[in-house]
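Chemist: When you get a sec, could you give me coordinates for this:
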Amino acid sequence: MPSMKIFDVAGSGMNAQSLRLNLVASNISNANSISSSIDEVYKSRQPVFAAELKGAMDKSQTGVKVNVLGVVESQAPAVMEYAPHHPMADDQGYIYKPNVNTVEEMANMMSASRSYQNNIEVLNTAKDLMLQTLRMGQ
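Modeler: Coordinates of the predicted model:
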């Protein structure tokens, strides 16, 4: 792997995990929102990642960048709760809550945070190794 490509690989991983952390924050912040319509209720959002195909197919390259393909909304049904006295209740007395699982989101947050930290460590190690290589000539 060319020496500078490591920065691209780690940087793409950091970008992907940053997006993942932002989506987790959005999901958790909307976990307790309420809607009077099933069509307007917040839906959990998750990122979709893929390895860069061009690099993955080349056997001579050991590092592959992460591409963010997009963000998808969960297809899990919203939570219907019977609350006829709630101001947001629909005609049948139901309110709708998002399909966000806070325990799952917390696990995603810890995983994304740790992955981000690992990419920082890769960058720091690569930088230190390059500096040591430059000092060899002194």
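Chemist: tell me which strands and helices the helix or strand hosting residue 132 is in contact with?
Modeler: Using DSSP states H and E, residue 132 sits in helix 102-135. With contacts taken as 3 or more CB pairs under 8 Å, 6 or more residues apart in numbering; DSSP states H and E, helix 102-135 sits against helix 5-29. For glycine as for every other residue, the C-beta is placed from the backbone atoms N, C-alpha and C.
Chemist: so how far is the helix it packs on off the chain centroid?
Modeler: 6 Å (CA atoms, centre = their mean, to the nearest Å).
Chemist: Could you list the buried residues of the helix holding residue 132?
Modeler: Judged by neighbour count using 16 or more other CB atoms under 10 Å, the buried positions of helix 102-135 are 105, 108-109, 112, 115-116, 119, 122-123, 126.
Chemist: do stretch 70-88 as well
Modeler: Buried-residue list, stretch 70-88, by 16+ other CB under 10 Å: residue 78.
Chemist: got a pLDDT number for the residue nearest the centre of the chain?
Modeler: Centroid-nearest residue in the chain: residue 20, 1.4 Å away (criterion: CA atoms, centre = their mean). We have a pLDDT of 96 for residue 20.
Chemist: who's in contact with it?
Modeler: 47, 108, 112 (CB atoms under 8 Å, 6 or more residues apart in numbering).
Chemist: Find the pair from the buried residues of helix 102-135 with maximum spatial separation.
Modeler: Based on CB to CB, the longest span within those runs between 105 and 126 and measures 31.6 Å.
Chemist: what is the mean pLDDT for the helix holding residue 132?
Modeler: 94.
Chemist: Run the angle between it and helix 5-29 for me.
Modeler: Calculated by axes from the mean of the first three to the mean of the last three CA atoms, to 10 degrees, helix 102-135 forms an angle of 160 degrees with helix 5-29.
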